[in-house]
Each structure stands twice: as structure tokens, then as C-alpha cells.
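**Student:** A structural model of the following input is requested.
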Amino acid sequence: MQLILIRHGETLWNKEKRVQGTTDIELSATGIEQARKLALSLADASIGAIYASPLKRARQTAEIINGFHGRKIEIHHELMEMNMGDFEGLTFTELMAGEKEFLHRWITDPASVKMPRGESLAELQDRAWRSIEKLIAAEQNALVVSHNFTIATILCRLRKISLSEFRSTCVDNASRTQIRIEDGETHIEAINDSRHLKTETDV
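**Tutor:** Residues are numbered from 1 along each chain as shown. From the prediction side, this is the model:
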């Protein structure tokens with residue numbers, strides 16, 4: 001089976017470098033255009049099922065992609081972004097100014113920390129993996145629209161690497177990650193592919 005992991009398009013909070021977490025932010029105009037380009041790149045893909053996080057930015061991206069496929073989008077709360085707790089809405093500059101000690105631990109040993117009144121990477125991975133297990137058990141080509149940290153933890157599980165290495169699996173807005181699963185073996189065919197976002201003037 002083929003599994004395609006999609007990160008939603010850009011939001012204004014992405015542009016402003018704010019922590020989004022589970023805050024329900026819509027796609028920006030740029031994000032909508034990114035989703036359209038992504039959808040065009042997937043127009044001929046064989047997709048049997050579409051799963052999406054319930055957050056607007058993921059649902060909007062899934063709906064634009066689904067314009068070419070006409071599937072019922074299955075909403076899975078387990079695919080929401082990491083709950084960032086007290087940090088939601090803060091800019092990265094504000095975090096660096098006020099949370100130096102926490103950020104040091106986050107940088108040096110991310111698998112060991114939990115967001116204040118939020119989640120840890122392990123908690124995020126456990127809930128997200130429940131949806132992926134259902135999808136793999138169905139044995140049909142599927143597309144999942146989710147979020148950066150969520151996709152990163154899923155990829156850590158698929159690649160059998162520690163959550164401390166999650167940064168090697170982070171993905172950009174409106175990127176696609178292509179995975180093939182055969183006989184219980186996972187083959188990563190592409191990670192964080194965003195070639196579809198480039199226009200002739202971008203090259």
C-alpha cells in the first residue's frame with residue numbers, strides 16, 4: 001500500500017512564526033494556493049482513503065486535495081497537532097526571551113520534556129499512531145493531512161528511530177511524504193517533497 005503524509009498549507013501564524021499547536025487557525029491566501037498546487041500534483045494519484053486532522057488548516061487542505069478524488073474525508077482527532085499548552089500563540093522570539101531553560105531542554109533532549117499544560121512527543125506519537133494503525137490495517141492506498149510534529153512522530157515510528165531524532169523528520173507546509181508498505185516493511189520513497197510548490201519563476 002501507498003501512504004502519503006501531507007502537512008497543511010501555510011497559515012498567518014506560520015508566517016508570523018507563532019506556536020499554533022491545537023489553536024484552530026485557517027489557511028492564509030498563500031496556504032490555499034499551496035494546497036491547490038499540492039492537489040494538482042496528486043490529481044492522478046491512486047487514493048482509496050483520506051484521513052485528516054479536525055483543525056481547519058488540515059481540513060481545508062484535505063478538501064482542496066479531495067476535489068480531484070471525491071472521497072469521504074475521515075476526520076481523526078488523533079491526528080491533531082501537538083498540544084503546546086501555555087506556549088500556544090507565542091512567537092518564537094517571545095519563547096526565546098522568556099523560556100530559555102525550557103528551550104535548552106527541548107533542544108538537547110526533546111523526548112524527555114512535556115509542554116507546560118500540554119503534551120509530550122511520546123503522548124503525541126501514541127495517539128497519532130492509533131490512526132495510522134487503522135489505516136495500515138485497511139491495506140488501501142491512503143492520504144493523511146496533518147501537522148509538523150504529528151507527522152514527525154509518525155515518521156519516527158515508521159523509521160524505527162528515537163523521538164530524540166524527530167527533527168530529522170520535520171516537514172514544511174504543503175509538503176508530501178511518500179511511503180510504501182509491503183509485507184510489513186516500510187520503504188520511505190520521499191520525505192518533505194515540496195517540488196510542486198515551485199513555479200517557473202521560482203526555478
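**Student:** So in the protein, which strand runs the longest?
**Tutor:** strand 185-193 (DSSP state E).
**Student:** Endpoints of stretch 146-165, how far apart?
**Tutor:** 19 Å (CA to CA, to the nearest Å).
**Student:** From residue 41, how far out is residue 74?
**Tutor:** With the distance defined as CB to CB, to the nearest Å, residue 74 ends up 22 Å from residue 41. Where you see a C-beta, it was placed from the backbone N, CA and C, and this is true even at glycine.
**Student:** Ramachandran angles for residue 53?
**Tutor:** phi -60, psi 150 (degrees, to the nearest 10).
**Student:** Skipping its backbone neighbours, what lies nearest it in space?
**Tutor:** residue 79 (4.1 Å; CB to CB, 6 or more residues apart in numbering).
**Student:** Find the centremost residue of the chain, please.
**Tutor:** What sits nearest the mean C-alpha location of the chain, by CA atoms, centre = their mean, is residue 147, with 2.5 Å.
**Student:** residues near the nearest residue to that residue once chain neighbours are set aside, how many?
**Tutor:** Closest residue to residue 147 apart from its sequence neighbours, by CB to CB, 6+ apart: residue 81 at 3.6 Å. By the criterion of other CB atoms under 10 Å, residue 81 has 26 neighbours.
**Student:** For residue 81, report the pLDDT, please.
**Tutor:** Looking at residue 81, its pLDDT stands at 98.
**Student:** Can I get the lengthiest helix in the chain as PDB, trimmed to CA atoms?
**Tutor:** In the chain, with assignment by DSSP state H, the single longest helix is helix 121-138. Written as PDB, here are the backbone C-alpha positions of helix 121-138 (Å, rounded to 0.1, in the frame of the first residue of the first chain):
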ATOM      1  CA  LEU A 121       6.200  14.000  21.900                       C
ATOM      2  CA  ALA A 122       5.600  10.500  23.300                       C
ATOM      3  CA  GLU A 123       2.000  11.300  24.100                       C
ATOM      4  CA  LEU A 124       1.500  12.800  20.600                       C
ATOM      5  CA  GLN A 125       3.100   9.800  19.000                       C
ATOM      6  CA  ASP A 126       0.900   7.300  20.900                       C
ATOM      7  CA  ARG A 127      -2.400   9.000  19.900                       C
ATOM      8  CA  ALA A 128      -1.300   9.700  16.300                       C
ATOM      9  CA  TRP A 129      -0.200   6.100  15.800                       C
ATOM     10  CA  ARG A 130      -3.700   4.800  16.700                       C
ATOM     11  CA  SER A 131      -5.000   6.400  13.400                       C
ATOM     12  CA  ILE A 132      -2.100   5.100  11.400                       C
ATOM     13  CA  GLU A 133      -2.500   1.600  12.600                       C
ATOM     14  CA  LYS A 134      -6.200   1.600  11.500                       C
ATOM     15  CA  LEU A 135      -5.100   2.900   8.100                       C
ATOM     16  CA  ILE A 136      -2.400   0.300   7.600                       C
ATOM     17  CA  ALA A 137      -4.800  -2.500   8.700                       C
ATOM     18  CA  ALA A 138      -7.200  -1.400   6.000                       C
END
